[in-house]
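J.: sequence unknown, structure follows:
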């Protein structure tokens, strides 16, 4: 009887574990929720069937600009994600870049768009820091993400010279993430 009860619980646990759906807000190196690095534009309506999609096309196919696809939470105006395909106006193109706009999207270590720089450095290795006109672009290659940090978060002597190499130590731990992206090549 005891073995029968143990077997019953083992089978129940196994079936429950197999039927559990993946976290719809988990960010990994190859996925953002239900979206992954091989998802084609034509599959987005099926993947986001419970959400709303809005596609902005900037001109015609001769502009070579990437059309941004916005994902809104169904029934609200809450913007979840902005998707950029590798090839504009091509339904067979895969998604190249995902801008995370909802703080429910998180990595396994809890990294989301509301984190500060100290959280990033405690949990991940910074691969590179690019100094641009208004922002820093901080890359974490191990999970294919990059962040922008407004240069107003930096000490004043580092804000205005784009030629200065910005080191990790130069960025205040309390610097807030401005934008959070995942990029697939």
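T.: Perfect, thanks for sending it. Since this is a predicted model, take the numbers as computed values, not measurements.
J.: just the helices in the protein please.
T.: Secondary structure of the chain, counting by DSSP state H: helices at 2-19, 44-47, 117-123.
J.: Quickly, which of the ones you listed bottoms out on average pLDDT?
T.: When those are compared by mean pLDDT, helix 2-19 comes last with a mean of 50.
J.: Quick check: phi and psi at the spatially closest residue to residue 85 that is not a sequence neighbour.
T.: The shortest distance from residue 85 to any residue that is not its chain neighbour, by Cβ to Cβ, 6 or more residues apart in numbering, is 4.1 Å, and that residue is residue 93. C-beta: built from backbone N, CA, C; applies to glycine. When quoted as degrees, to the nearest 10, the phi and psi of residue 93 stand at phi -70, psi 150.
J.: Now do the same contact list for residue 93.
T.: Under the criterion of Cβ atoms under 8 Å, 6 or more residues apart in numbering, the neighbours of residue 93 are 40, 41, 85, 86, 87.
J.: Could you do residue 39 as well?
T.: By Cβ under 8 Å, 6+ apart, the neighbours of residue 39 are 47, 94, 95.
J.: Report the distance from stretch 99-117 to the chain centre.
T.: 8 Å (Cα atoms, centre = their mean, to the nearest Å).
J.: Can you pull out the residues in contact with that stretch?
T.: Counting contacts by Cβ under 8 Å, 6+ apart, the residues touching stretch 99-117 from outside are 25-28, 32-33, 73, 78-84, 119-120, 123-124, 138, 143, 145, 149, 153, 171-177, 179-182.
J.: hang on, the earlier thing: for ChimeraX, what selects the buried ones among the contacts of residue 93?
T.: Taking 16 or more other Cβ atoms under 10 Å as the burial criterion, the selection of buried members of the contacts of residue 93 in ChimeraX is written as:
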select :41,85
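J.: possible to save the contacts of residue 93 as JSON lines with pLDDT and distance to residue 106?
T.: Conversion of these to JSON lines gives the following (pLDDT from 0 to 100; distance: Cβ to Cβ, whole Å):
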{"residue": "40", "pLDDT": "93", "distance to residue 106": "25"}
{"residue": "41", "pLDDT": "91", "distance to residue 106": "25"}
{"residue": "85", "pLDDT": "93", "distance to residue 106": "24"}
{"residue": "86", "pLDDT": "91", "distance to residue 106": "25"}
{"residue": "87", "pLDDT": "88", "distance to residue 106": "29"}
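J.: which ones among the contacts of residue 93 are found in strands?
T.: The strands, defined by DSSP state E, take in residue 85 from the contacts of residue 93.
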